[in-house]
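>>> could you work out the structure for the sequence below:
(one chain, ligands or ions: 1)
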Amino acid sequence: MARQITIEEVKKHKRKNSVWMIIHDDVYDVTRFLNEHPGGEDTLLEYAGKDGTQAFEDVHHSEDAREIMKKFKIGTLPPDQRNKSIVDCRSYTWVFLALAGAIALGVVWKKYLSK
Ligand code: HEM
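Below you'll find the model as predicted:
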């Protein structure tokens, strides 16, 4: 079974001497790949300690790239942290619903008080 690595742990590896990143809930140590990356060292460093899934997919990496990355996989996120490293839009929906609910309650309350 793959070693479980938390987001907090990944965040600690954001410097050039140790670069970890999350791609599709898996954790990669790309330190040794920095100066081999065809897309440049800086693009990888930009996502050091972070989730690079969106950036990785935006660039449309080849099957070769996906094969190469397997060599650098060191673990996977714990189940309760999967998919959370990318901004989860659904959480904003809840904030919006809570605010709308509060406003609706306020309106009803004011009407009731003004009687
Ligand atoms: C383990 C992670 C990664 C691996 C193994 C990897 C590997 C590669 C490989 C093999 C290429 C050559 C083209 C191809 O085969 O698709 C490439 C290109 C590229 N990569 Fe990555 N990559 C990784 C992560 C990232 C991330 C996080 C970014 C962030 C934006 C990135 C940005 C780029 C760019 C911009 C190119 C295009 C270079 C060009 O066409 O001039 N890569 N990468």
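>>> CA only for contacts and neighbour counts going forward, please
Fine.
>>> tell me the mean pLDDT for the helix or strand hosting residue 94?
Element membership for residue 94 (DSSP states H and E) is helix 89-113. Helix 89-113 shows a mean pLDDT of 85.
>>> start at 30 instead
Yes, from this point I'll number from 30; that puts the last item at helix 118-142.
>>> let me see the ranges of the helices in this structure.
36-40, 70-75, 82-87, 92-99, 118-142 (DSSP state H).
>>> in the third one, what's buried?
When neighbours are counted by 16 or more other CA atoms under 10 Å, the buried residues of helix 82-87 are found to be residue 82.
>>> which other residues reach the strand ranked longest in the chain?
Criterion DSSP state E: the longest strand present in the chain is strand 47-52. The contact list for strand 47-52 (CA atoms under 8 Å, 6 or more residues apart in numbering) reads 39-40, 42-43, 56-60, 74, 76-82, 85.
>>> so which of those also contact the ligand?
Filtering the contacts of strand 47-52 for proximity to the ligand (criterion: CA under 6 Å from any ligand atom) leaves 59, 76, 81, 85.
>>> so who does the last one touch?
If I follow you right, that is residue 85. Neighbouring residues of residue 85 by CA under 8 Å, 6+ apart: residue 52.
>>> switch the cut-off to 10 Å
52, 53, 72, 73, 76 (CA atoms under 10 Å, 6 or more residues apart in numbering).
>>> tally up the residues packed near the fourth one, please.
Yep, that's residue 73 we're talking about. Neighbours of residue 73 under the rule other CA atoms under 10 Å: 22.
>>> so residue 98 touches residue 58, yeah?
Yes - using CA atoms under 10 Å, residue 98 is in contact with residue 58, at 9.3 Å.
>>> who has more neighbours out of the two?
Using other CA under 10 Å as the criterion, residue 98 and residue 58 rank with residue 58 on top: 22 against 15.
>>> what bridges to that one?
Beta bridges link residue 58 to residue 49 when assigned by DSSP bridges.
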